[in-house]
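*Asks:* Sharing a sequence plus its predicted fold:
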Amino acid sequence: MLPRTTLNIAYCNVRGLNDTCYNTLISLIHNSKYDIIIAAETWFLNRTKYSTHSFFLSESTYPTQPSINRRQDGGLLILASPHIQKEISTLSITHYSITINLTNTNKNMSFVYFPPSLSDSIISQELQIIGQVHYLIGDFNIRLGALAGDTLTTANTRKTVLYNHLNQYHLSYTRNQNESTTSRTDHLFTNQNNLYYLKCTIL
């Protein structure tokens, strides 16, 4: 059983996981501020260090040509405190997404990073792999306009692909509680009536 009914989860765009950033993320879990941290755009920096740490849970598929594609592929990393790891199973991993199941609540969560250069067809394939989840969280590189408290709406064809998927599984946009630190392209979609088991904070 999870020791708490609410998980504190942070999704962070780190734009290269250097030593300073890595140490900050580790300390946030050490200090119990967050139970799970998803780092996007790691560029697979510090891979040897984080992959052997006790907080390491999973990472997106490593590029076949890392000297060329590390930045284009972005890199997703999930860190979690060991007692939370016991309650998590990984369902799927791709270049751009990681989907997990919280076994204590049987909730599926998918975390994504869709680079601006990613084609709509690849995004559609990624969403098909993700399938039905209770929470879809990440950097979609789409600005949603007034819905997200933004002044712009961008990437209309990408938005159409995403919203077709959301409508299929009845996922709706949820405004992040910590608006002061939310990126304009990071979003949370859910079909849950509340976030009783999940408090999502996007840094």
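*Replies:* Arrived safely. Residues are numbered from 1 along each chain as shown.

*Asks:* And the pLDDT at Thr154?
*Replies:* Thr154 is assigned a pLDDT of 71 by the prediction.

*Asks:* same check, this time on Thr20
*Replies:* pLDDT at Thr20 comes out at 94.

*Asks:* which helices and strands does the helix or strand in which it is found pack with?
*Replies:* Assigned by DSSP states H and E, Thr20 belongs to helix 19-30. Helices and strands touching helix 19-30, by 3 or more CB pairs under 8 Å, 6 or more residues apart in numbering; DSSP states H and E, are strand 36-40, strand 76-80. Using the backbone N, CA and C atoms, a C-beta is placed for each residue, glycine as well.

*Asks:* Low-confidence bits of the protein, can you list those?
*Replies:* 1-5, 66-73, 145-152, 175-185, 193-203 (pLDDT under 70).

*Asks:* Look up how far Asn164 lies from Ser124.
*Replies:* Distance from Ser124 to Asn164, counting by CB to CB, to the nearest Å: 8 Å.

*Asks:* right, and Arg158 touches Ile123 too?
*Replies:* Yes. Contact status for Arg158 versus Ile123: in contact at 6.2 Å, counting by CB atoms under 8 Å.

*Asks:* Next, show the common contact partners of those two.
*Replies:* Applying CB atoms under 8 Å, 6 or more residues apart in numbering, one finds that Arg158 and Ile123 are jointly contacted by Phe114.

*Asks:* who has more neighbours, those two?
*Replies:* Ile123 (22 against 19; other CB atoms under 10 Å).

*Asks:* contacting residues around the more buried one?
*Replies:* Taking CB under 8 Å, 6+ apart, we find Ile123 in contact with Phe114, Arg158, Val161, Leu162.

*Asks:* what's the distance between the third one and Ile122?
*Replies:* Computed as CB to CB, the Val161 to Ile122 distance reads 10 Å.

*Asks:* Then the second one?
*Replies:* Counting by CB to CB, the separation of Arg158 from Ile122 is 11 Å.

*Asks:* swap in Gln192?
*Replies:* Gln192 is 28 Å from Ile122, by CB to CB.

*Asks:* and the closest residue to Cys21 other than its chain neighbours, backbone torsions?
*Replies:* In space, and not counting its chain neighbours, Cys21 is closest to Val14: 5.0 Å by CB to CB, 6 or more residues apart in numbering. Phi and psi for Val14, reported as degrees, to the nearest 10, are phi -90, psi -20.

*Asks:* now swap in the one 3 residues further on and tell me
*Replies:* Backbone torsions for Leu17, taken as degrees, to the nearest 10, come to phi -90, psi 80.

*Asks:* list the contacts for Leu77?
*Replies:* Leu17, Ile38, Ala39, Thr42, Tyr50, Phe56, Ser58, Glu59, Ser60.

*Asks:* mind redoing it with 10 Å?
*Replies:* Contact analysis of Leu77 by CB atoms under 10 Å, 6 or more residues apart in numbering lists 12, 14, 17, 22, 25, 37-42, 44, 46-47, 50-51, 55-60, 98, 111.
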